[in-house]
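>>> Sequence and predicted structure, then a few things I'm wondering about:
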Amino acid sequence: MSEKLSQSQARAYWRGVHVATSDDLAAVCFPDKPAYFNAFFDRIQRHAVTRALKRCSVIPSGNSVLDIGCGRGRWLDYYAALGAVPTGLDLSPVAIASCMKRGYEAVAASATEMPFPDGAFDIVNCITVLLHLPPEAQERAVAEAARSLKPGGILLLIESTWKDPATHVFPRPLNDWLNLLEQHRAAAICAEAHCFNVCRKLLDRIPANPAGVRDALAIALDYPVEYALMAAFSGRASEFGMQHLIIARKG
């Protein structure tokens, strides 16, 4: 297994991705994959978040929303369309400039040191961002997210819960994520298992399978498989899940 990146290396990696990558989704999903591949992740994550918000009776309309790791604004677009008032935060000045050009409030800063007052937001959204921070930085980022929430506010995460070998991914078991949230008075009201590309993981085990063919086949299979798995795991955790969607309410 390759050695994991340090915090400074991880920051440099994501800043560099936004400089080198012109496609908005590729810059926040998989920089080395084709557009259809990243579109799968965007669509399936939006579907998962929409279902979870509805299940937990979270209504974004009229609420202030912070999107941590906003990239070029895909979740700012999502929450704005629901009538919320979104603000973005990202390490990359390139990403922040893109968000601001589209009329959003956005700041270039770290999730571990956010320039917002206590209790500034009703909802904090953080989709596959904390998993890219080393463990000690994850702890600081969760503390900052909780600090920036109003009492009763909602924190929504999708994070890795399997032993991902990628050098820029720092997963935790689900219970570790939940315990970390509880340390900062954020109690989970939803923890739902997701796979987000289980077929690709299985096809990766076939060494003679060309990457382009493997990716196309994986996404074709993953659309129906993932929707079926989402229905099967609706509202519940599972060790089978590669990631979990967590909604926590600040006490």
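Okay, I see it. Numbers count the residues shown, from 1 in each chain.
>>> any chance you could map the strands in the stretch 151-251 of the chain?
Secondary structure of the stretch 151-251 of the chain (DSSP state E, counting those that start in this stretch): strands at 186-194, 243-250.
>>> Could you tell me which residues make contact with Gln7?
Residues in contact with Gln7, defined by CB atoms under 8 Å, 6 or more residues apart in numbering, are 133-134, 136-137. The C-beta positions use only the backbone N, C-alpha and C, and glycine is treated the same way.
>>> Let's see which of those end up in helices.
By the criterion of DSSP state H, membership of these in helices covers 136-137.
>>> for the stretch 1-150 of the chain, what spans make up the strands?
With strands called from DSSP E, counting those that start in this stretch, the stretch 1-150 of the chain shows them at 64-68, 85-90, 105-108, 121-127, 149-160.
>>> Save those as TSV, and put in distance to Arg55 and mean neighbour count too.
As requested, the strands of the stretch 1-150 of the chain are exported to TSV (distance: least, CB to CB, whole Å; neighbours: other CB atoms under 10 Å):
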stretch	distance to Arg55	mean neighbour count
strand 64-68	18	25
strand 85-90	21	25
strand 105-108	29	18
strand 121-127	15	25
strand 149-160	12	20
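>>> Any chance of JSON lines for the ones you listed, columns mean pLDDT and distance to Arg15?
Putting those into JSON lines (pLDDT from 0 to 100; distance: least, CB to CB, whole Å) gives the following:
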{"stretch": "strand 64-68", "mean pLDDT": "98", "distance to Arg15": "16"}
{"stretch": "strand 85-90", "mean pLDDT": "98", "distance to Arg15": "9"}
{"stretch": "strand 105-108", "mean pLDDT": "98", "distance to Arg15": "10"}
{"stretch": "strand 121-127", "mean pLDDT": "98", "distance to Arg15": "18"}
{"stretch": "strand 149-160", "mean pLDDT": "97", "distance to Arg15": "21"}
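>>> for the ones you listed, which one sits closest to Gly212?
strand 149-160 (25.3 Å; CB to CB).
>>> In PDB, list the C-alpha atoms belonging to that closest one.
Coordinates of each C-alpha in strand 149-160 appear next as PDB, following Å, rounded to 0.1, in the frame of the first residue of the first chain:
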ATOM      1  CA  LEU A 149     -23.600  25.700  13.200                       C
ATOM      2  CA  LYS A 150     -26.500  27.200  15.000                       C
ATOM      3  CA  PRO A 151     -28.000  25.200  17.900                       C
ATOM      4  CA  GLY A 152     -30.300  22.700  16.200                       C
ATOM      5  CA  GLY A 153     -28.400  23.100  12.900                       C
ATOM      6  CA  ILE A 154     -27.800  20.200  10.500                       C
ATOM      7  CA  LEU A 155     -24.400  18.800   9.400                       C
ATOM      8  CA  LEU A 156     -24.600  16.600   6.300                       C
ATOM      9  CA  LEU A 157     -21.600  14.400   5.300                       C
ATOM     10  CA  ILE A 158     -20.800  11.700   2.800                       C
ATOM     11  CA  GLU A 159     -17.500  10.100   3.900                       C
ATOM     12  CA  SER A 160     -15.500   7.000   3.300                       C
END
